[in-house]
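1. quick one: sequence and predicted model below, then my questions.
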Amino acid sequence: MNIPPLSAHTCSLRIARNLHLLLITTLITGMSILLPACGGKEEDRSGKVEITFWHSLVSSTVPALQDLIKKFEEEHPGITVKAQYVPTGDALIQKLVTAVHSNTAPDVSWIHANFMQDLIEADAIYTMEEFIRGPDSLPQADLQDIYPALMEQAKWRGVLYSMPMEATALGLLCNRELFRNAGLDPDQPPRDWNELRAMARKLTLDKNGDGKFEQMGLFIPIFPYSGPYGDWMVWQWYPFLFQAGGNVITLDQSRVLFDSPEAITALTLWKEIYNDLNLSSFTIDYEVAFASKTLAMAIDGPWNIPRWRKMKNLDWTVAPLPAGPARNATVAGGEYLSIFKQSRHPKETWMFVKWMLRPDVQAFWSMRSGYLPVRHAVRSVKEYNDYLETDPPLRAYVESMEFAVAPRPIDYHSLRISRHLAEALEQATLGRKDPATVLRRAAAESNRLLESVVRK
C-alpha cells in the first residue's frame, strides 16, 4: 500500500529539519519510515485510533448506524468510528471536494457512483486493489459473492475505487387501508402499467367536491431538476426505462440512450399519470403525505422501512414495481465506501470497510436499517432468513434484487448528464412539454459532453 500523503502543513518544517537524517537511516535500514504526526497514526487520549466516517443516511436509519458502529467497536476495541452526517447529492460531493482541497477529508465516506470522476481526478481516493491485495487481503471468493451489478457501479473505467456498503432497490409502497376503502384488494397490487394507472385513478379522491384531490392515488416524483433531489428523481425514473426495455448509455460510453423509443415510452407514462392526477397541485413531500394517509402509493426504497415501522396506526406494505411492456425491473444500486488518501489511518479504515462485507454484518445491518445485503451469502444466514419471514416489506425488496437492473455507469460528466435528464423529466411533466422533444434535447447536450472527452 502507498504511504498516505502528508495531511498537515506543519509537517513541512519537520521534514526540512530531518530530511538528511531520514535519508541516511532509510539507506541503512532499507525500510520505509513514517514521520510522527505527518501521516502516521494519531490516537486519542484513551489510546484508540479514531476514523472519521461521512454519510448521508436518513434520520430514521441513524439508530441502526449507531448499533452498527457499536458492534464494530466492540470487535475492534482499539478503534473508534466518528460518524458525521452530510446532506446527500450535490452538497455531499461539493463538501468532499472542498475537504480534499483544504486537506480535511474524512478517512472514509459514503458516496454515490456518479461522484467517482471528480474524486479520482482530484487524486483523492485509493483504488481498492491496494487493500484487497494488501496484508489484510480480501479473498476473491468474497469479491465474487457480491452482486455483480453493485461491483460495476463501484468502478470507474473498470477500476475498483469503492466497496458497496448496502444495496438498494425500489418498490411500490402501498397503504392497505386506502386500498380497502376503495374496494381494492391490498394483497393484489398493480401488476403492470395499465393496472397502475387504473388503480391510481381509483385511489385519487375529491372528497368534498371542490375540484381538488384530498387523496392521491400515486406519487410521481417530480422535483426541481437543479435542486438536491434531481438525481433522486432520475433514479426513480430508471425502473420505468428498464421496464420499457431501455438503458442509459451505450456499452462503449459513446452516447446516451435516453432519447430512445423506450425512454420516450417511459416518460410518456409519467407525464400522463402526472397530468391525469393533477399532481402539480399536490405536495412534493410524499413521506408526509403517506404518513398522513393522503397518499395511497409511492415509489420508495428500503431505507424508509424503519420510518414506517414506527407508525403503529399505518397499515402498509411494499410490492414489486409493476411490469412494463418489456419486462419486470427495478433499479439496483447502493451506497459505496471510498477511502481517502488523506486518511491518517488507512489500515484501520480498510478494516472497517472489509468488516462491513461480512455476511453476518450485512445481515445485522439489513435487519436494523432496512437496507439490502450486498452479497448472496447473506441469504445463508439462518437468523436473516427467519427474520425475512416476519418482515414482508423487507422480503419484497430482497426478492426484487433477482430482477434488479443497474444503470450502466457513466464514466465522464455523470453529474451533468444526470442534470440534463432531470431537466427533461421536469419539463415533460410539470412543464407539460413533449417527452420526445425534451429527451432528444437532453440527449444531444449530453452527447456533446461525451464527444468532448479525450479518452486515454
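-> Ah, there it is.
2. what sits against residue 322?
-> By CB atoms under 8 Å, 6 or more residues apart in numbering, the contact set of residue 322 is 172, 189-193, 195-196, 243. For glycine as for every other residue, the C-beta is placed from the backbone atoms N, C-alpha and C.
3. no no, residue 152
-> Applying CB under 8 Å, 6+ apart, the residues contacting residue 152 are 406, 408-409.
4. may I ask which of those has the most neighbours?
-> Most neighbours among those, by other CB atoms under 10 Å: residue 406, with 21 neighbours.
5. excluding covalently adjacent residues, which one is nearest to that one?
-> Leaving aside its chain neighbours, residue 406 sits nearest to residue 149 (3.4 Å; criterion: CB to CB, 6 or more residues apart in numbering).
6. buried ones in the helix or strand where the one you found lies?
-> Counting by DSSP states H and E, the element that carries residue 149 is helix 148-153. By neighbour count on 16 or more other CB atoms under 10 Å, the buried set for helix 148-153 is 149-153.
7. same thing with stretch 384-394?
-> Buried, per 16+ other CB under 10 Å, within stretch 384-394: 384, 388, 391, 393-394.
8. got the contact list for it?
-> 171, 302, 305, 308, 316-318, 363, 366-367, 370, 373, 378-379, 395, 398.
9. so where do the strands sit in the chain?
-> For the chain, the strands defined by DSSP state E cover 49-55, 79-85, 108-111, 155-156, 159-160, 163-168, 171-175, 297-300, 316-319, 330-331, 333-339, 404-405.
10. burial check on the residue nearest to residue 167 when sequence neighbours are not counted, number of neighbours?
-> In this structure, residue 167 finds its nearest non-sequential neighbour in residue 372, 4.0 Å apart by CB to CB, 6+ apart. By other CB under 10 Å, 26 other residues sit near residue 372.
11. same check on residue 433?
-> 15.
12. ok, back up a step: just among the contacts of residue 322, which is most surrounded?
-> Neighbour counts for the contacts of residue 322 (other CB under 10 Å) peak at residue 243, which has 26 neighbours.
13. ok, that one to residue 139 distance?
-> 36 Å (CB to CB, to the nearest Å).
14. quick check: mean pLDDT of the helix holding residue 149?
-> Averaged across helix 148-153, pLDDT comes to 86.
15. same check on stretch 355-370?
-> Rounded mean pLDDT across stretch 355-370 is 95.
16. what are the contacting residues of it?
-> 57, 61, 63-65, 67-68, 71-72, 75-76, 138, 142, 146, 163, 165-166, 302-306, 337, 371-375, 377-378, 380-381, 383-384, 387, 394, 397-398.
17. now, those that are in helices?
-> Judged by DSSP state H, helices contain the following of these: 63-65, 67-68, 71-72, 75, 142, 305-306, 383-384, 387, 394, 397-398.
18. now those: which count as buried?
-> 64-65, 68, 71-72, 142, 305-306, 384, 394, 397-398.
19. coming back round to it: residue 121: which of the contacts of residue 322 is nearest?
-> residue 243 (34.3 Å; CB to CB).
20. do you know the pLDDT at the closest one?
-> pLDDT, residue 243: 98.
21. that one is in contact with residue 320, isn't it?
-> No - using CB atoms under 8 Å, residue 243 is not in contact with residue 320, being 11.0 Å away.
22. and residue 247, what does it touch?
-> Residue 247 touches 241, 257, 407-408, counting by CB under 8 Å, 6+ apart.
23. let's see it at 7 Å
-> Residues near residue 247 by CB atoms under 7 Å, 6 or more residues apart in numbering: 257, 408.
24. likewise residue 201?
-> When contacts are counted by CB under 7 Å, 6+ apart, residue 201 touches 217, 276.
25. can you tell me how far it sits from residue 297?
-> 12 Å.
26. what touches both of these two?
-> residue 217.
27. low-confidence stretches in the chain?
-> For the chain, residues meeting the criterion pLDDT under 70 lie at 1-46, 454-456.
28. domain assignment for it?
-> Using automatic domain parsing, the domains assigned to the chain come out as 38-169+333-405, 171-331+411-451.
29. what is the end-to-end distance of the shortest one?
-> Between the opening and closing residues of domain 171-331+411-451 there is a gap of 35 Å (CA to CA, to the nearest Å).
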